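# Sharing a model prediction with you, sequence too.
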Amino acid sequence: MHNSAARRTRNYTLGLTLNLLYVAHATPGQAAELISARSADSFVDSIGFNTHFTYTNTPYVQDYSEVVRPRLQELGIRHIRDGVVPERMDYYERLKDLGSIGIRSTLISGTDIDPQQTVAIAKQLGSAQAAVEGPNEYDNNRDNRDPAYWVPTVRNYTQQLHNAFKSDSATANIPILGPSFVGGEASELVGDLSPWVDYGNFHPYNYPDHPGSGGHLNNEITRRSQPFKGKPMIATEAGYHTGGPDSDRPISETAQGKYLPRLFLEHFNRGIERTFAYELLDQWSKPNDREANFGILRNDGSPKPAFNAIKNLIQLLSDPGDEFALQSLDYVLGGDTTDISQTLLQKRNGNFYLILWQEVASYTPFSREPQVGTDLLVQDKLVTLTLNSLIGQAIAYEPFSSSNPITAYKNPQEINLSVGDHPLVLELIPGWIKDIVSKPVQSPVPTPDVPTDPQGATEIPAPALLPGLIGLSWRIMRKRGSSDEILAENSVSNVAFG
């Protein structure tokens, strides 16, 4: 939601003398498409979760220190969404505590709260607050569903909230999210809210169907963006619950573990700035209460499959830092690509991350009462990845199952991949591995200290560029006009490829 100062990272040529060679041009091959990457960390930063840190009869409060805070740190997210409750000062201490470990809050301000109170709370929270949000689903207020009442109420409050924040220098830069709605016609009825918001807001729930089913997300974006007139959109609620057969449209924990990572990726692909899944943990131990079972943590704090899948994905892709010059990758997907979705990301060290998955149903919803569905055994599809960009090493991961790599490829030009109904992440490390000598090394050479560039550019030690290379000869070079400057080098006679 905020833009950091841009710092462009310069390109360096990393040549590994004798044994490794980094080549700056692609070889002829299959006609491919040059795909622009997006920042891996921008995807990580798009992930958020709803919380309820004012619900005193839930683990959010009762087990905050022992369970919830450690689990949030383990998960690795940076954003939560909760509400403004002026009288609960203990609540704000928890939010400030989370802010101290890099987890910032987006807070909903309801129509019953004076906007000046919301401003005062934002000042108290400081950097722990990322954004403020207008009324939540106010058109669904059971006492006031008449548009003649709720439309002017929402419009007036949104303007008042905007004026209160933007007129105070201490809060003027805090982004304002528009209100959210439930009724299908609400977005047409409310009129133009764009002068008073920085971001649009919507709740594209789609349970029990899979995230990309039936064009639902595209339709929701088209409809719900109307009041915000081109402002970027944030999904402040979306998700799946794992309730029992008497709850409303449940899915299994396994299906939730496949759908939620895909939901974040599908939203990211469609330009949604941030998505807050509903929610972090099950509020109560009530299997047949829908509202009690949206969590990726069970009521006792134990992780569901979705928790581990998202944690592993974040660990793999997290790359905080300043902005940098993103690059493109020349590749094409062949084979059975029906229903295959993809996302291409890049880290600051130049490594690409190609994420592939089948955007299909992983669960057959209920057909009658009780609402008992079935996990589907989705057959992997054989997809061929053809690379016209030179890649020295490709490493495959399946975050749904593990944070560890499942296989690796040396100098891949064409890779046959088995793509399932959960994300397959392929780390693609630019370069070219040449003339590797298969001899054991008695003692690995430590990673070298790299000279600090006086202009502040980041340099990657060569051994870190290609995991699995031990005891190699390396040279780190930089272009200086028409000549190459050696920044650091090392020579080793025996090389082993692990």
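Now that the structure is in, tell me what you want to look at. Numbering: from 1, shown residues only.
# in its sheet, what does whichever strand or helix holds I355 sit against?
Here I355 sits within strand 352-358, counting by DSSP states H and E. Next to strand 352-358 in the sheet, as set by DSSP bridges, lie strand 340-346 (antiparallel), strand 424-430 (antiparallel).
# In a markdown table, list those strands along with mean pLDDT.
Below are the strands paired with strand 352-358 laid out as a markdown table (pLDDT from 0 to 100):
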| stretch | mean pLDDT |
| --- | --- |
| strand 340-346 | 99 |
| strand 424-430 | 98 |
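# Where is the longest helix in this protein?
What stands out as the longest helix in the chain, according to DSSP state H, is helix 147-166.
# Can you list the neighbours in contact with the helix or strand just after that one?
Following helix 147-166 in sequence order, the next helix or strand is strand 176-177 (DSSP H and E). For strand 176-177, the external contacting residues (CB atoms under 8 Å, 6 or more residues apart in numbering) are 106, 131-134, 161-162, 165-166, 196-201, 234, 236. (Each C-beta comes from the backbone N, C-alpha and C, glycine too.)
# Go through those residues and flag which are in helices.
Among the contacts of strand 176-177, the members falling in helices (DSSP H) are 161-162, 165-166.
# what's the weakest-modelled helix or strand in the chain?
None of the helices or strands of the chain scores lower by mean pLDDT, DSSP states H and E than strand 496-497, at a mean of 26.
# quick one: the strand holding I355 to chain centroid distance?
Relative to its chain's centre, strand 352-358 lies at 13 Å (CA atoms, centre = their mean, to the nearest Å).
# Going C-terminal from it, what's the next secondary structure element?
Next in sequence after strand 352-358, counting helices and strands by DSSP H and E, comes strand 363-364.
# for that following strand, packing partners?
Contacts defined by 3 or more CB pairs under 8 Å, 6 or more residues apart in numbering; DSSP states H and E place strand 363-364 against strand 374-375.
# mind redoing it with 10 Å?
The contact analysis (3 or more CB pairs under 10 Å, 6 or more residues apart in numbering; DSSP states H and E) places strand 363-364 against helix 253-269, strand 374-375.
# Turn the strands paired with strand 352-358 into TSV, including mean neighbour count.
Output for the strands paired with strand 352-358, formatted as TSV (neighbours: other CB atoms under 10 Å):
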stretch	mean neighbour count
strand 340-346	21
strand 424-430	22
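# Compare those strands and give me the one nearest W150.
Across the strands paired with strand 352-358, W150 has its closest neighbour in strand 340-346 (36.9 Å, CB to CB).
# relative to helix 253-269, how tilted is the closest one?
Strand 340-346 and helix 253-269 meet at an angle of 60 degrees, taking axes from the mean of the first three to the mean of the last three CA atoms, to 10 degrees as the criterion.
# Relative to the whole chain's centre, how far out is strand 340-346?
Averaged C-alpha coordinates place strand 340-346 at 12 Å from its chain's average position (CA atoms, centre = their mean).
# for this structure, what spans make up the helices?
40-45, 59-62, 69-75, 89-99, 115-125, 147-166, 186-189, 216-224, 253-269, 305-317, 462-465.
# can you tell which of the ones you listed is closest to V425?
So among those, helix 305-317 is nearest, using CB to CB, at 6.0 Å.
# related to what we said a few turns ago, return the strand holding I355 as PDB; C-alpha atoms alone will do.
Output in PDB follows, covering the C-alpha atoms of strand 352-358 (Å, rounded to 0.1, in the frame of the first residue of the first chain):
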ATOM      1  CA  PHE A 352      13.100 -16.300 -11.400                       C
ATOM      2  CA  TYR A 353      10.200 -18.200  -9.800                       C
ATOM      3  CA  LEU A 354       7.700 -19.700 -12.200                       C
ATOM      4  CA  ILE A 355       4.600 -21.000 -10.400                       C
ATOM      5  CA  LEU A 356       2.200 -23.400 -12.100                       C
ATOM      6  CA  TRP A 357      -1.000 -25.000 -11.000                       C
ATOM      7  CA  GLN A 358      -4.200 -26.500 -12.300                       C
END
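# Isn't Y397 up against L428?
No - the criterion here is CB atoms under 10 Å, and Y397 misses it with L428 at 11.9 Å.
# what's around the closest residue to S213 other than its chain neighbours, how many residues?
Nearest residue to S213, sequence neighbours excluded (CB to CB, 6 or more residues apart in numbering): N206, at 6.7 Å. Here the number of neighbours of N206 (other CB atoms under 10 Å) works out to 19.
# before we move on, what about the one 3 residues further on?
For D209, the number of neighbouring residues by other CB under 10 Å comes to 17.
# just N416 next, same as before
10.
# For V383, see how far away it is.
8 Å (CB to CB, to the nearest Å).
# overlap in contacts of these two?
334-335 (CB atoms under 10 Å, 6 or more residues apart in numbering).
# Including mean pLDDT, mean neighbour count and distance to D330, could the helices of the chain go into a markdown table?
Listed next are the helices of the chain as a markdown table, based on pLDDT from 0 to 100; neighbours: other CB atoms under 10 Å; distance: least, CB to CB, whole Å:
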| stretch | mean pLDDT | mean neighbour count | distance to D330 |
| --- | --- | --- | --- |
| helix 40-45 | 99 | 20 | 19 |
| helix 59-62 | 98 | 19 | 48 |
| helix 69-75 | 99 | 17 | 35 |
| helix 89-99 | 97 | 17 | 42 |
| helix 115-125 | 98 | 18 | 46 |
| helix 147-166 | 98 | 18 | 45 |
| helix 186-189 | 97 | 18 | 41 |
| helix 216-224 | 97 | 16 | 28 |
| helix 253-269 | 99 | 24 | 20 |
| helix 305-317 | 99 | 22 | 22 |
| helix 462-465 | 38 | 21 | 19 |
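# avg pLDDT for the strand holding I355?
The pLDDT scores in strand 352-358 average 99.
# tilt between it and helix 305-317?
Going by the same axes, to 10 degrees, strand 352-358 makes 150 degrees with helix 305-317.
# start at 78 instead
I'll keep to 78 as the first residue from here, and by that count the last item is strand 429-435.
# Show me which positions of strand 429-435 end up buried.
Neighbour-count burial for strand 429-435 flags 429-435 (criterion: 16 or more other CB atoms under 10 Å).
# first vs last residue of stretch 435-449, how far apart are they?
The stretch stretch 435-449 measures 24 Å between its terminal residues, going by CA to CA, to the nearest Å.
# same thing with stretch 370-380?
The first residue of stretch 370-380 is 13 Å away from its last residue (CA to CA).
# Which positions within that stretch qualify as buried?
Going by neighbour count (16+ other CB under 10 Å), the buried part of stretch 370-380 is 370-376, 378, 380.
# Nothing else from me, thank you.
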